[in-house]
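# Fold the following for me, if possible:
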Amino acid sequence: MYTKEQYAWLKENRPLYKAKELTKLFNETFGTSKSVSAIERKCSTDRRLKKNSSYSSQELNWLQKNRDLYSDCELTALFNKTFNKNKSVHNINRACSKYKLKKTVIINMGRGREYSQEQVDWLKENRKNNTFKSLTSLFNETFNENRNFYSIANCCIRNGIKK
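Modelled structure (predicted):
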């Protein structure tokens with residue numbers, strides 16, 4: 001059990017110290033012998049002690065605006081470049097999930113825009129020498145389309161097109 005005073009102290013000091021130093025200072029201040037894992041667990045599971053968002057409203061607005069336009073990897077790279085950060089794809093995906101920044105693309109289980117026979121034949125001819133990423137770029141240039149990586153990959157899979 002933690003007292004109100006201990007909660008207040010943890011809430012005030014958690015952002016200032018790493019877990020090991022926080023635990024040492026906590027034990028010195030309150031004459032306790034809590035372990036680092038006990039303090040970490042308390043701070044991560046008690047919602048009163050959770051850290052505030054590490055994303056500014058400007059960053060969250062940017063993520064919402066750009067979420068649909070890029071793949072997760074591209075979104076993360078652009079975010080890091082735009083805001084001079086070093087977030088991982090996992091960090092960005094968790095933030096988008098936490099703040100309910102969902103993609104608005106509707107996926108129809110492969111029943112979206114169909115591919116013409118000409119396009120399928122073109123994919124068959126060009127898949128051998130290209131990754132899905134480069135194939136997507138070439139496809140979009142050739143047919144003046146705006147298909148994404150997943151759309152091209154799924155079309156190839158559905159039509160048995162292999163490298």
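
# Tell me which residues touch Thr32, please.
Phe26 (Cβ atoms under 8 Å, 6 or more residues apart in numbering). C-beta: built from backbone N, CA, C; applies to glycine.

# separation between it and Thr45?
18 Å (Cβ to Cβ, to the nearest Å).

# for Asn86, same thing?
Distance from Asn86 to Thr45, by Cβ to Cβ: 26 Å.

# can you check Asn80 too?
29 Å.

# Between the two, which has more neighbouring residues?
Remark: of Asn80 and Thr45, Asn80 carries more neighbours, 15 against 9, as counted by other Cβ atoms under 10 Å.

# I'd assumed Phe139 was in contact with Ile152.
Yes: using Cβ atoms under 8 Å, Ile152 is in contact with Phe139, at 5.9 Å.

# and for the two, which residues touch both?
Leu123.

# quick one: which of the two has more around it?
Counted by other Cβ under 10 Å, Ile152 and Phe139 do not tie: Ile152 has more neighbours, with 25 against 21.

# Which strand or helix spans the most centrally placed residue in the chain?
Centroid-nearest residue in the chain, with Cα atoms, centre = their mean: Asn93, separated by 1.9 Å. Assigning secondary structure by DSSP states H and E places Asn93 in helix 89-98.

# Return the helix or strand that that helix is followed by as CSV; C-alpha atoms alone will do.
Using DSSP H and E, the next helix or strand after helix 89-98 towards the C-terminus is helix 117-127. Extracted in CSV, the C-alpha atoms of helix 117-127 (Å, rounded to 0.1, in the frame of the first residue of the first chain):
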residue,chain,number,x,y,z
GLN,A,117,-6.9,-8.4,-67.4
GLU,A,118,-4.3,-6.1,-68.9
GLN,A,119,-3.1,-5.0,-65.4
VAL,A,120,-3.0,-8.6,-64.1
ASP,A,121,-1.0,-9.6,-67.2
TRP,A,122,1.4,-6.7,-66.6
LEU,A,123,1.9,-7.8,-63.0
LYS,A,124,2.7,-11.3,-64.1
GLU,A,125,5.3,-10.0,-66.5
ASN,A,126,6.9,-7.5,-64.1
ARG,A,127,6.7,-9.3,-60.8
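
# pretty sure Asn13 is in contact with Lys24, am I right?
No: if you go by Cβ under 8 Å, Asn13 and Lys24 don't touch, sitting 11.2 Å apart.

# what about the helices in the protein?
Per DSSP state H, the chain carries helices over the ranges 4-13, 19-30, 36-45, 57-66, 72-83, 89-98, 117-127, 132-143, 149-158.
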